[in-house]
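**Q** no letters, just coordinates:
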């Protein structure tokens, strides 16, 4: 997978767009809040390109993942589908190599939490050496 032109950046125009929302980048030493009811965690503390890693969700309530994918936050890298196991709420995936040392990925999810449909996203920092 090759990187796209770093000079092309797509911004949403809505006041509530992703670019206007402050988000924390989790260190994943323990689960981080994805929504008030759902936590997210990584199976390893460091994400490396072209190396499988696990993403998991935890919740005391019923969660159904309808769709999930990874996409570049600061560069168009296309969409990488992420498939969560319905029973364990875990997925194994990987991201591609990039020449940009500050490449960040966003996990986008369409979920149902206790029957309520919602969209969530979470930044995943990748270690590019």
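**A** Done, it's in. Here the structure is a predicted model, which is why all the values come from computation and not from measurement.
**Q** please name the bridge partners of the residue nearest the centre of the chain.
**A** Centroid-nearest residue in the chain, with Cα atoms, centre = their mean: residue 107, separated by 1.7 Å. Beta-bridge pairing of residue 107 under DSSP bridges involves residue 70, residue 122.
**Q** report pLDDT for it.
**A** Looking at residue 107, its pLDDT is 96.
**Q** test my guess that it contacts residue 72.
**A** No: using Cβ atoms under 8 Å, residue 107 makes no contact with residue 72, being 11.6 Å away. Glycine gets a C-beta too; all of them are placed from N, C-alpha and C.
**Q** before we move on, the earlier item: OK, contacts around the residue nearest to the centre of the chain?
**A** 40, 55, 68-70, 82, 121-124 (Cβ atoms under 8 Å, 6 or more residues apart in numbering).
**Q** list of residues touching stretch 59-71?
**A** Taking Cβ under 8 Å, 6+ apart as the rule, stretch 59-71 contacts 37-39, 57, 77-84, 86, 89, 91, 93, 95, 105-115, 117, 124.
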